[in-house]
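K.L.:
Give the three-dimensional model of this entry:
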Amino acid sequence: MVNRRNAMIRAEAESALPPRRAGSLYYTTAFYAAVAVFGVSCLLWSLPASLLHRVLPRRIGEPLGQSGISAGFRWALWVMRALGVLRVDLSPLDALRDERSLVVASNHPTMMDAVLLISRLPRVVCITKASLWDSPFLGGGVRLAGYVRNDAPLPMIRRAAEAVREGRQLMVFPEGSRTARPPIDRFTRGFAVMARAAGAPVQTVLIEADSMYLRKGWPLLRRPPDLPLVFRVRLGERFAMGRDPEAFVSGMEAYFRRELRAGSVEEEGSAAA
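P.N.:
Residues are numbered from 1 along each chain as shown. This next block holds a predicted model:
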């Protein structure tokens, strides 16, 4: 089912693809060039951001850091598109760009998901792995942006809620990590605690990917067999936290599962037609 859904997502873009084979020398060169541009862009922002984090007050540094990461990711995605290794329409996210005090919850098929979302949401705060704070490529940027470490649950919840109260958007992946068993893994109960502490509506975003690239266990430098990478990104329903956190989480999980399966059925029907 997963392979068939991936094929259907790719079919949507096939009519516009350049007449190149995925295994060609061009695509191999373009892929590694795009990875290099992404890495260099992250490094060039992380170094000055680490210094700015030390000298700028938080009220100035955090918005600057969030906008800087968003702009850098937007640039990297533009390069990927220009080289022909990525196809995605992120315009649905523009409806959220200027909204304040919002939780953005998405499924998490690949490591690209955060890059896609952040590139169009310049006021977003993310829950990040603690290891990223020591990365030379991303550490300075996430510190300046005031992102939230995931290694201490109570401080993580407090900081996430604080960011939302300040008018920021909070980006979360309720699965906790990349999807291991498509279409979606079980949602963590910590997500309900965070959503309740934030006291803000939860806007769902659905992401579908055509490739295994950067799914769980796939390393960054391993070239995918099929290029370009094709993603579908769409806005889902908006949820409000009720009195029962368990019902809230199970309801959202069922919604994602239903929507992602329905999307695959719709793609199969379109391809058959």
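
K.L.:
Which strands and helices lie in contact with the strand or helix carrying L51?
P.N.:
Here L51 sits within helix 25-55, counting by DSSP states H and E. Where contact means 3 or more C-beta pairs under 8 Å, 6 or more residues apart in numbering; DSSP states H and E, helix 25-55 is packed against helix 58-83, helix 139-145. The C-beta positions use only the backbone N, C-alpha and C, and glycine is treated the same way.

K.L.:
among those, which is nearest L260?
P.N.:
When these are compared by C-beta to C-beta, helix 58-83 sits nearest L260, at 22.6 Å.

K.L.:
Let me know the average pLDDT across the helix or strand following that closest one.
P.N.:
Next helix or strand after helix 58-83 toward the C-terminus (DSSP H and E): strand 86-87. Strand 86-87 carries an average pLDDT of 97.

K.L.:
Can you tell me the strand partners of the following helix or strand past strand 86-87 and which way each runs?
P.N.:
For strand 86-87, the following helix or strand on the C-terminal side (DSSP H and E) is strand 102-106. Strand 102-106 pairs in its sheet with strand 169-172 (parallel), strand 202-209 (parallel), by DSSP bridges.

K.L.:
Give me whichever of these is most buried.
P.N.:
Neighbour counts (mean count of other C-beta atoms under 10 Å) averaged over each of these peak at strand 169-172, with a mean of 24.

K.L.:
that older thread, in CSV, list the strands paired with strand 102-106 along with distance to F137 and mean pLDDT.
P.N.:
Putting those into CSV (distance: least, C-beta to C-beta, whole Å; pLDDT from 0 to 100) gives the following:
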stretch, distance to F137, mean pLDDT
strand 169-172, 19, 95
strand 202-209, 22, 97
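
K.L.:
between these, which one is nearest to T179?
P.N.:
Nearest of these to T179, taken as C-beta to C-beta: strand 202-209 at 9.6 Å.

K.L.:
mind listing what T204 touches?
P.N.:
105-106, 235-239, 252, 255-256 (C-beta atoms under 8 Å, 6 or more residues apart in numbering).

K.L.:
Tell me the confidence at the residue lying closest to Q66 once chain neighbours are set aside?
P.N.:
In this structure, Q66 finds its nearest non-sequential neighbour in A145, 4.6 Å apart by C-beta to C-beta, 6 or more residues apart in numbering. The score at A145 is 97. That number is its pLDDT.
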